[in-house]
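[1] below are the sequence and a predicted model; questions follow.
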Amino acid sequence: MNTIKRYGFVAGSALLLAALPLTSQAAKQAASAAAAAPAAVDAGAVAALERMGAALRALKQFTLVSDATTEVVLDSGQKIELDSRVNYQVQPPRHLFVDMDSARTHRQLFYDGKTMTLYSPRLKYYASVDDVDATLSELAGKLWTEYGIDLPLADLFQWGSATPPHNVLTSAVHVGTASVDGAAVDQYAFRQPDVDWQLWIGQDDHLPRRIVIISQDDAALPAYTARLKWDVRAPINQASFTFTPPQGAARIGILVVDAVAMQPGEK
């Protein structure tokens, strides 16, 4: 699983606005940070990722809302922006519900530790896989490699796992301090092959509050931005993780990865 590489993040089209213009003060902070850190990978920035991973691993449960914008490049070279919202309910290490909604597609993913179900509320089709028996990190990889489904914000599960992928980084720098939705954060910029990405990490809880991902393997440099809102205290109903077919819903097979193809205009 390539960490951060798959910047779309909405199942089937994947579960990830260019970065906001830097103020003059932020630009000075970025330049100062770059000058003060001649090494390509700053140890402090990597340590911030490790603290974020530890904070994610410490969560007993959480709900998460991600409001995201994905840039899509047309054949003409023009960029358009597609908005989406993802709602997560999670109880690590093996319970997950994801609602992925946009103007074009609506998908829900249920996982109760054994059975994974992907459901389309608009089409009323669902596909289930039994005996998955995987942690959330393992599930994210399995969905991508076996079924071509990119779990929204899947990389959070990788950084929150016991073996975060530090070795992929070619550059890491602390840009400076900022505020996201009223919370004090530290902004970091990272690079790995073909991808630039930024994280705004809460100073108090070390949870990611904003993420920007730019694909470098496309000359148009399409970007993905997501703003993350966490709730680690709200109770979660256990029934949320188990799919119960609504009246009129029909079960279909799930395609293996080499057969997956999204049809134009699919809802």
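    Thanks, I have it.

[2] what helix or strand is the residue nearest to Asp231 when sequence neighbours are not counted on?
    Among residues not flanking Asp231 along the chain, Thr63 sits closest, at 4.6 Å (CB to CB, 6 or more residues apart in numbering). For every residue, glycine as well, the C-beta is placed using N, CA and C. If you go by DSSP states H and E, Thr63 is part of strand 62-73.

[3] for that strand, C-alpha coordinates in CSV please.
    Below are the C-alpha coordinates for strand 62-73, written out as CSV (Å, rounded to 0.1, in the frame of the first residue of the first chain):
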residue,chain,number,x,y,z
PHE,A,62,-13.9,8.0,17.3
THR,A,63,-16.2,9.6,14.8
LEU,A,64,-14.6,11.7,12.1
VAL,A,65,-16.0,14.0,9.5
SER,A,66,-13.8,14.9,6.5
ASP,A,67,-14.9,17.7,4.1
ALA,A,68,-12.7,17.3,1.0
THR,A,69,-12.0,18.7,-2.4
THR,A,70,-10.3,16.8,-5.1
GLU,A,71,-8.9,18.4,-8.3
VAL,A,72,-9.5,16.5,-11.5
VAL,A,73,-7.6,17.4,-14.6
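
[4] show me what that strand pairs with in its sheet, parallel or antiparallel.
    Strand pairing for strand 62-73, using DSSP bridges, gives strand 79-91 (antiparallel), strand 223-231 (antiparallel).

[5] what comes up buried for it?
    Residues of strand 62-73 classed as buried: 62-64, 66, 68-71 (neighbour count, 16 or more other CB atoms under 10 Å).

[6] on that earlier part again, how near is the residue nearest to Asp231 to Gly141?
    Distance, Thr63 to Gly141, using CB to CB, to the nearest Å: 23 Å.

[7] same check, this time on Gly113
    16 Å.

[8] repeat for Pro235
    29 Å.

[9] the more surrounded of these two?
    More crowded of Pro235 and Gly141, by other CB atoms under 10 Å: Gly141, with 16 against 7.

[10] strands of the chain, residue ranges please.
    Here the chain has its strands, by DSSP state E, at 62-73, 79-91, 95-102, 106-111, 116-120, 125-129, 171-180, 183-192, 195-202, 208-215, 223-231, 250-251.

[11] for those strands, give me a markdown table that also has distance to Glu50 and mean pLDDT.
    Listed next are the strands of the chain as a markdown table, based on distance: least, CB to CB, whole Å; pLDDT from 0 to 100:
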| stretch | distance to Glu50 | mean pLDDT |
| --- | --- | --- |
| strand 62-73 | 19 | 95 |
| strand 79-91 | 21 | 96 |
| strand 95-102 | 24 | 96 |
| strand 106-111 | 27 | 97 |
| strand 116-120 | 30 | 97 |
| strand 125-129 | 33 | 96 |
| strand 171-180 | 11 | 97 |
| strand 183-192 | 12 | 96 |
| strand 195-202 | 11 | 95 |
| strand 208-215 | 13 | 94 |
| strand 223-231 | 19 | 96 |
| strand 250-251 | 43 | 98 |
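
[12] can you tell which of those strands is closest to Asp150?
    Among these, the nearest to Asp150 by CB to CB is strand 95-102 (10.1 Å).

[13] let me know which of the strands paired with strand 62-73 is tucked in deepest.
    For the strands paired with strand 62-73, the largest average neighbour count (mean count of other CB atoms under 10 Å) is found in strand 223-231, namely a mean of 19.

[14] now do that one: distance to the chain's middle.
    8 Å (CA atoms, centre = their mean, to the nearest Å).

[15] output that strand in CSV, but only the C-alpha positions, please.
    The C-alpha trace of strand 223-231 is given here as CSV (Å, rounded to 0.1, in the frame of the first residue of the first chain):
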residue,chain,number,x,y,z
ALA,A,223,-4.3,18.5,-5.4
TYR,A,224,-6.5,17.0,-2.7
THR,A,225,-7.5,18.9,0.5
ALA,A,226,-9.4,17.6,3.5
ARG,A,227,-10.5,19.3,6.7
LEU,A,228,-10.9,16.8,9.6
LYS,A,229,-13.2,17.1,12.5
TRP,A,230,-12.8,14.6,15.4
ASP,A,231,-15.1,13.4,18.2
